[in-house]
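# Following is a predicted model, sequence given first.
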Amino acid sequence: MKGRISLGDVVKGGYCVGCGGCASAESGVRMRVNDLGMPEPVHPQLDELAADTCPFGDGQNEDQIAAPLFGGLQGIRHHPSTGFYLTLHAGHAVRGPHRATGSSGGLTTWVLEELLRCGEVDAVIHVGRGPGEGLFEYLISDTIEELRSRVKSIYYPTGVHDVLDQVRRGSGRSFAITGVPCHIKALRQAVASDPLLHGKIKYFVGIFCGHMKSRGFAESLAWQLGVEPKQLVDVDFRVKDKLRPANDYSIEVRSHDRTEQVENFRLYGSDWGLGLFKPLACDFCDDVACETADVVLGDAWLPEYVMNSLGTNVVIVRNPVIRGLLIDAYERGDVALDAIEPARIHQSQAATFRHRGEGLRARLAYMDTRGIWRPHKRVPPSEGGLTSLQARRYITRMRLSQASHGALLVAKRRGGLAWYFLRLLPYDVLYNHQSRQLLRRTYRTLRAVLHALVLRPWGRRS
């Protein structure tokens, strides 16, 4: 393992998630979108710039950031799966449009609205449909009306750099900000090291994260519905259906002249466990529950909740103010909350915890035996407890994820979606074989491929 890590090391190693925490007018670092659809930093001396605030660089780990923030709070507890917590819940918003219009139980938007309504913050920083070059970006919502117009889960890479520069230039305003674990970690370190941000971001609202996606995820799904990447203008990744369980949702894509919607499972790559268009960094992350955030929300993928099509959240509360807001709302009947145990949080995201636990240890060992630099993590490299087949499956999944980026790039350059499928098929078959589900999973893959190629074969149709 090497010593001091530079931003150049992170980018060249493939471990940049495009969060933009390193970019600012003062640092001279700017962000650009690379050929694989991920934002990355650009600077003439990138190899000489320390990666101190980078979530995969030399800064503090999640334990070191979280301990001084939450460790001294009265009533605080800690669990390996949840990190620090004051209370744990499964629940949903009762009053208002939050649950019906959101991706899950509506509590993420409810918390943000409540912080705004109570005057705890002046504005909310979150991801929504923006006017920029990409489909989505970080925006500032000053009102509840603005916030409500920008709800739902968005599986698209975004960085905080532009909005943080707005915060730096402003004065006297306070903010709540949302983000996945690596973004919140980067933001905590940026706020701690940048005097222009001190005291301005008061609340950090985290989202449970299986992994992030490049722009290719949205583009590949839309293309399978006949909307080519350059035509894509909007995506609703999670359209609820009251006749189906919460985890059985649809996707809707839109171009300037057409809208297409289909059940998510019908499209190749929609299976989150497959990990297509995942940044390499996500395979080297050990934070599922956004351990540095004040409150964390995700989907309650639990048997007693998943059949409700409207969705239910799991919630980890670490901040006393947010705990008070939720308790008051529960007593008013504005939200429904069930107390749950850490083991239930773990169960709700079990596959992700496996991937970031035993899977991460296997990937770290794989990189170390080949002398490839990777970020330092809190778990040790080891294949202990795994069969050789299980260890190989984790590596094949990582290779499949990385192959998806280049496969779509080739398809876009050659003008036909079939090139994407052709490039990925060997990895897909190998992974299905190692998962001992060769016939079932390969049949599902071929069904999705054939459906897509009816719409968009080797070349473009007029």
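Looks like it arrived, so ask away.
# Report the mean per-residue pLDDT for stretch 302-313.
The pLDDT scores in stretch 302-313 average 96.
# Can you give the contact residues for it?
89-92, 99-100, 102-108, 240-247, 297-300, 314, 344, 347-348 (Cβ atoms under 8 Å, 6 or more residues apart in numbering). Bear in mind the C-beta positions are built from the backbone N, C-alpha and C, glycine included.
# please redo it, this time with the cut-off set to 6 Å
The contact list for stretch 302-313 (Cβ atoms under 6 Å, 6 or more residues apart in numbering) reads 90, 92, 99, 104-105, 107, 240, 242, 244-247, 297, 300, 348.
# Off-centre distance for it?
The chain centre lies 20 Å from the centre of stretch 302-313; the measure is Cα atoms, centre = their mean, to the nearest Å.
# for stretch 112-129, same thing?
Using Cα atoms, centre = their mean, the offset of stretch 112-129 from its chain centre is 20 Å.
# And stretch 343-359, end to end?
Stretch 343-359 has an end-to-end distance of 19 Å (criterion: Cα to Cα, to the nearest Å).
# mind listing what's buried in it?
Across stretch 343-359, burial judged by 16 or more other Cβ atoms under 10 Å covers 344, 345, 346, 347, 348, 349, 352, 353, 355, 356, 358, 359.
# ditto for stretch 287-307
Buried, per 16+ other Cβ under 10 Å, within stretch 287-307: 287-302, 305-306.
# Among these, which lie within strands?
Judged by DSSP state E, strands contain the following of the buried residues of stretch 287-307: 295, 296, 297, 298, 299.
# which stretches of the stretch 101-250 of the chain form helices?
Ranges of helices in the stretch 101-250 of the chain, per DSSP state H, counting those that start in this stretch, are 107-117, 144-148, 161-169, 181-193, 215-224.
# among these, which is nearest residue 59?
helix 181-193 (4.9 Å; Cβ to Cβ).
# What residues sit buried inside the closest one?
Buried-residue list, helix 181-193, by 16+ other Cβ under 10 Å: 181, 182, 183, 184, 185, 186, 187, 188, 189, 190, 191.
# what's the answer for stretch 208-217, then?
Burial within stretch 208-217, assessed by neighbour count using 16+ other Cβ under 10 Å, is assigned to 208, 209, 210, 211, 212, 213, 214, 215, 216, 217.
# Kindly report the same for stretch 135-150.
135, 136, 137, 138, 139, 140, 141, 144, 146, 147, 148, 150.
# Just the pLDDT at the second one, thanks.
What the model reports for residue 136 is a pLDDT of 95.
# before we move on, back to that, and the buried residues of stretch 343-359 as JSON lines, adding secondary structure and distance to residue 262?
Shown next, in JSON lines, are the buried residues of stretch 343-359 (DSSP: H, G, I helix; E, B strand; the rest coil; distance: Cβ to Cβ, whole Å):
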{"residue": "344", "secondary structure": "helix", "distance to residue 262": "32"}
{"residue": "345", "secondary structure": "helix", "distance to residue 262": "32"}
{"residue": "346", "secondary structure": "helix", "distance to residue 262": "32"}
{"residue": "347", "secondary structure": "helix", "distance to residue 262": "30"}
{"residue": "348", "secondary structure": "helix", "distance to residue 262": "26"}
{"residue": "349", "secondary structure": "coil", "distance to residue 262": "26"}
{"residue": "352", "secondary structure": "helix", "distance to residue 262": "25"}
{"residue": "353", "secondary structure": "helix", "distance to residue 262": "30"}
{"residue": "355", "secondary structure": "helix", "distance to residue 262": "27"}
{"residue": "356", "secondary structure": "helix", "distance to residue 262": "30"}
{"residue": "358", "secondary structure": "helix", "distance to residue 262": "34"}
{"residue": "359", "secondary structure": "helix", "distance to residue 262": "30"}
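# ok, for residue 294, nearest residue in space, not its chain neighbours?
residue 319 (3.6 Å; Cβ to Cβ, 6 or more residues apart in numbering).
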